[in-house]
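Chemist: Generate a structure from the sequence data that follows.
(2 chains)
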2 protein chains.
Amino acid sequence: MLDLKPVRGMRDFYPAQMRFRQWLFDQWREVSENFNFLPYDAPLVENLDLLKRKAGEDIAEQLYTFQDKSGRDLALRAEMTPSLARMITSRFESLSMPVKWYTIAQCFRYERTTKGRKREHYQWNVDILGEDSVSAEAEIILLLVQSLKKLGLSAEQVKVKISSRNILEALMNKLDIPPEFHQPVMMTIDKKDKMSESEFDQLISDKLPRKIDIQPIFDMFKLGSPQEISRFMSGLKSSCCKQDQLDKYIEDLDQLIQYLNPVDDFIQIDFSIVRGLAYYTGIVFEVYYQQGKARAIAGGGRYSQLLEKIGGKPLSGVGFGFGDVVILDILKETSNLPQVHPQIDYYIIPFEQKNLKLAFSLLDKLTQQGKRTEIDLKFRSLRNSLKDASRDRCNFVIILFPNEVAQNQVVVKDLIKGDERKVNIRDL
Amino acid sequence: MLDLKPVRGMRDFYPAQMRFRQWLFDQWREVSENFNFLPYDAPLVENLDLLKRKAGEDIAEQLYTFQDKSGRDLALRAEMTPSLARMITSRFESLSMPVKWYTIAQCFRYERTTKGRKREHYQWNVDILGEDSVSAEAEIILLLVQSLKKLGLSAEQVKVKISSRNILEALMNKLDIPPEFHQPVMMTIDKKDKMSESEFDQLISDKLPRKIDIQPIFDMFKLGSPQEISRFMSGLKSSCCKQDQLDKYIEDLDQLIQYLNPVDDFIQIDFSIVRGLAYYTGIVFEVYYQQGKARAIAGGGRYSQLLEKIGGKPLSGVGFGFGDVVILDILKETSNLPQVHPQIDYYIIPFEQKNLKLAFSLLDKLTQQGKRTEIDLKFRSLRNSLKDASRDRCNFVIILFPNEVAQNQVVVKDLIKGDERKVNIRDL
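Modeler: The predicted model follows:
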């Protein structure tokens, strides 16, 4: 006997689970289309070279890699952004900017499986490329919040935490942390939820080349508005930071917060957010579920050098990824999943074998009218058929009684109102 | 510079192609749901063992195989049916029969790439399990024909060619072809479109252990009705075939043809159809595009031993697979693809940078109402913005002129009627 379980870390979707997935994807798609983003997709299998190109990450180690029969080194994609960068770069000349695209793509990563982490998941990706102003961030985050609301989540339950890598870099410059240590410090900040405060403190100190007072980094995490950040930064005694650039970064953040005014109850500035991926260069953000065990739902930010890294023209992008595993868990917990058992419009009971020809012609007719229709093929007592019909939430039952059929009629029973009437077959 | 093309044999879907794919999937999904089939999905990565279990096929050689870091032998699925059999078997006790499921699943096969054949494609699969009568075949084929009509194809353009492996087996028994040669002969029949008549004749003769007159096989291909088949079979002088079983097979075929009466212009009996997969056991069928170069669009049939092969209970199924590559080509040729450039409901022209905050609040409001909305971020002449708006097929343009905004108003231009009016912002 074969192993009947799905491959470890991967999911079977039986109809009950599949309906939730479809519903979720429909919500994502609808929001994307309302904001006039266009759909795209790329092969799930990519050249290994492309996927490994973004250095400084542990993704490369987690790839499912293999060779095809011509010896090409291939891998299953772990995220969508490299493929997006490839597609944009390869048609750069013919695309009109800004590019606004979305996809719902399955991604694979070999890692330890835990409750919220599988070895495959679906990720909704929304990106704007070719728009340098924070208008791009504003549009992307508005869209993201609208999707959260559409899924039934409130500002009490979820927050979009916004930060700026530029401002963090400026802070590290002010603290005299040499540039080559910025990335390791940020990667440590990204993992801070997984450790105690003292461990975290120690880990950052360990990354640094010499004793530096890093208290301002921790102080920074407590700041909640661009104005506070501005005051805080001016209070730091250091000259090694270009003030006009810093002002621009703070001004950008301020502008973004203003544009996000319609959804401000969902928005929080939080400089402890830096994102794990190396390619972000400016504003970054993460959606957090706040109740019970806090969980990251989605995240993204500004990336400015990704296309150049694969050989393309400089083109700045903003985007986010939003996986299906965590959100489906949360929606289940918060009872935000919809009724998934579909209503059947017509349930045909042929009653006798010889009425099947008629039953199939009715099936053809009703389904063509867009009615969800089922033929009961079990030929049992009418009582049992009707029991099944009401268990399956049918609206109408069509019974092919021999007497009525002989007169080109059927009995239509309205299970909701509870009445029944004879109907000419041609009138159905 | 990296290779910017997708991996050989696989497809990038830019928005123009992706919209067609989405539209096609939507049609498939709608037909499936109207016939009350439930959606399911399985991991794209399966255990190699499962996928190789069905012997007698060349699929195993075409699998993309690899190992995960624990040394498991895995592969990308080449078709959905083994995963379906696994899922049904593993929850056999809790499923109520018949099971009616559908999926739209990406499948991978390493093979020579030609116009209609990629190394990946999406396949719509529809299956009924646990219904032994030809009612299952009837329902599946009705659904299939309805999908063809929905895609805009007529009975002149496409035919569902129906055959019965049981009757072919009976014929081979009558011709004294030993059972172990039935499968090789059928696999040869399946490939007959790819060779000349004499090559085909030769190839079948080569498969046989001794000189047998195979003319009746060729005669069989010309029969068009169950009545003709019945007469033809009785005319063959041989006693090695159980007549009552043969009668049952012919009776089944006759019943099926009757049930398919509502779509009979799409239906054709054609005994040269046998299907390439080894697991079919009864009625088989293929959808053929008839015009220009004939092409197979979809195919399926009855399989009765698949679940047992993977260690499950005996359970008979009927299903078909319908790929996206060939049909999209045909729909393009026949101009049946829909208008894919979506209509934008509102196009907001902020006019001045300082109106962006208002523009984003309008964007949030209108998209929440389900309106497809776009902000023009280019800050150029009104004339150029309006030109883009009409090129993008917008219905309404909202212009944030400073004077009107000062009075909490905007100008709404109806691009279809050609008129414009001032509207209070709160009334949008």
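Chemist: Could you list everything the residue most central in space within chain A pairs with in the sheet?
Modeler: Nearest to the geometric centre of chain A sits A:Phe322, at 2.4 Å (CA atoms, centre = their mean). On the basis of DSSP bridges, A:Phe322 is bridged to A:Trp124, A:Ala298.
Chemist: what's it in contact with, if anything?
Modeler: Residues in contact with A:Phe322 (CB atoms under 8 Å, 6 or more residues apart in numbering or on different chains) are A:28, A:123-126, A:144, A:147, A:287, A:297-298. For every residue, glycine as well, the C-beta is placed using N, CA and C.
Chemist: cutoff 7 Å now
Modeler: A:123-124, A:297-298 (CB atoms under 7 Å, 6 or more residues apart in numbering or on different chains).
Chemist: likewise A:Ala298?
Modeler: For A:Ala298, the contacting residues are A:144, A:287, A:320-322, by CB under 7 Å, 6+ apart.
Chemist: what about the longest helix in chain A?
Modeler: helix A:15-34 (DSSP state H).
Chemist: In terms of secondary structure, what does that one contact?
Modeler: Helix A:15-34 is packed against strand A:99-108, helix A:135-150, helix A:324-333, strand B:38-39, with contacts defined by 3 or more CB pairs under 7 Å, 6 or more residues apart in numbering or on different chains; DSSP states H and E.
Chemist: again, 8 Å this time
Modeler: strand A:99-108, strand A:120-129, helix A:135-150, helix A:324-333, strand B:38-39 (3 or more CB pairs under 8 Å, 6 or more residues apart in numbering or on different chains; DSSP states H and E).
Chemist: Just put these in a markdown table and tack on distance to B:Leu307, mean pLDDT and mean neighbour count.
Modeler: What follows is the helices and strands packed on helix A:15-34, written out as a markdown table (distance: least, CB to CB, whole Å; pLDDT from 0 to 100; neighbours: other CB atoms under 10 Å in any protein chain shown):
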| stretch | distance to B:Leu307 | mean pLDDT | mean neighbour count |
| --- | --- | --- | --- |
| strand A:99-108 | 27 | 97 | 22 |
| strand A:120-129 | 25 | 97 | 23 |
| helix A:135-150 | 40 | 98 | 23 |
| helix A:324-333 | 29 | 95 | 18 |
| strand B:38-39 | 18 | 96 | 19 |
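Chemist: now for those, which one comes closest to A:Arg383?
Modeler: Closest to A:Arg383 of the helices and strands packed on helix A:15-34 is strand B:38-39 (CB to CB; 25.4 Å).
Chemist: who are the neighbours in contact with the closest residue to A:Glu33 other than its chain neighbours?
Modeler: Nearest non-adjacent residue to A:Glu33, counting by CB to CB, 6 or more residues apart in numbering or on different chains: B:Arg372, 6.3 Å away. When contacts are counted by CB under 8 Å, 6+ apart, B:Arg372 touches A:33-36, B:342-346.
Chemist: Looking at those residues, which one is closest to A:Ile267?
Modeler: The closest of the contacts of B:Arg372, once distances to A:Ile267 are taken by CB to CB, is A:Phe35, at 17.6 Å.
Chemist: what about the closest one, neighbour count?
Modeler: For A:Phe35, the count of nearby residues is 25 (other CB atoms under 10 Å in any protein chain shown).
Chemist: do the one 10 residues further on as well
Modeler: Neighbours of A:Val45 under the rule other CB under 10 Å: 25.
Chemist: Kindly report the same for the one 3 residues further on.
Modeler: Close neighbours of A:Leu48, defined as other CB under 10 Å, add up to 18.
Chemist: per the record, what domains does chain A have?
Modeler: Domain assignment for chain A, taken from automatic domain parsing, gives A:15-333, A:344-427.
Chemist: Out of those domains, which gets nearest to B:Ala155?
Modeler: That would be domain A:344-427 among the domains of chain A, by CB to CB, at 14.0 Å.
Chemist: Nearest residue to A:Leu203 in space, please, no chain neighbours.
Modeler: A:Thr188 (5.2 Å).
Chemist: Surely that neighbour is within a helix?
Modeler: Yes. Assessed by DSSP: H, G, I helix; E, B strand; the rest coil, A:Thr188 belongs to a helix.
Chemist: On the pLDDT front, check it for me.
Modeler: What the model reports for A:Thr188 is a pLDDT of 89.
Chemist: Might one say that it is in contact with A:Ile204?
Modeler: Yes. Taking CB atoms under 8 Å as the definition, A:Thr188 is a contact partner of A:Ile204 at 5.3 Å.
Chemist: interface residues of the stretch 201-350 of chain A facing chain B?
Modeler: The stretch 201-350 of chain A has residues A:258-263, A:310-311, A:342, A:344 near chain B, with proximity defined as CB under 8 Å from any CB of the partner chain.
Chemist: Quick check: the farthest pair among those residues?
Modeler: A:Gly311 and A:Ile344 (54.5 Å).
Chemist: okay, these two: which has more neighbours?
Modeler: Set A:Gly311 next to A:Ile344 and count neighbours by other CB under 10 Å: A:Ile344 wins out with 19 against 15.
Chemist: nearest spatial neighbour of the more buried one, skipping sequence neighbours?
Modeler: Among residues not flanking A:Ile344 along the chain, A:Cys394 sits closest, at 4.4 Å (CB to CB, 6+ apart).
Chemist: burial count for the one you found?
Modeler: 24.
Chemist: same question, A:Lys242
Modeler: 11.
Chemist: Next, the contact list for the residue in the stretch 151-300 of chain A positioned nearest to chain B, please.
Modeler: Nearest residue of the stretch 151-300 of chain A to chain B, counting by CB to the nearest CB: A:Pro262, 4.1 Å away. Contacts for A:Pro262 (CB under 8 Å, 6+ apart) come out as A:142, B:360-361, B:364-365.
Chemist: any idea how far B:Arg391 is from it?
Modeler: 29 Å (CB to CB, to the nearest Å).
Chemist: before we move on, what about A:Asp265?
Modeler: From A:Asp265 over to B:Arg391 (counting by CB to CB), the distance is 38 Å.
Chemist: before we move on, what about A:Ile267?
Modeler: A:Ile267 is 35 Å from B:Arg391, by CB to CB.
Chemist: try A:Arg372
Modeler: 40 Å.
Chemist: Show me what from the stretch 51-200 of chain A comes close to chain B.
Modeler: Going by CB under 8 Å from any CB, the residues of the stretch 51-200 of chain A near chain B are A:53, A:64-66, A:68-70, A:72, A:74, A:76, A:86-87, A:89-91, A:98, A:101, A:106, A:108, A:110, A:120, A:131, A:133, A:135, A:138-139, A:142-143, A:146, A:149.
Chemist: if we go to 7 Å?
Modeler: Proximity of the stretch 51-200 of chain A to chain B (CB under 7 Å from any CB of the partner chain) is limited to residues A:53, A:64, A:66, A:68-69, A:74, A:86-87, A:89-91, A:101, A:106, A:110, A:120, A:131, A:135, A:138, A:142, A:146.
Chemist: can you give me the helices for the stretch 251-400 of chain A?
Modeler: For the stretch 251-400 of chain A, the helices defined by DSSP state H, counting those that start in this stretch occupy A:306-309, A:324-333, A:356-368, A:382-391.
Chemist: what's the least confident stretch among the ones you listed?
Modeler: Least confident of the helices of the stretch 251-400 of chain A, judged by mean pLDDT, is helix A:306-309 with a mean of 85.
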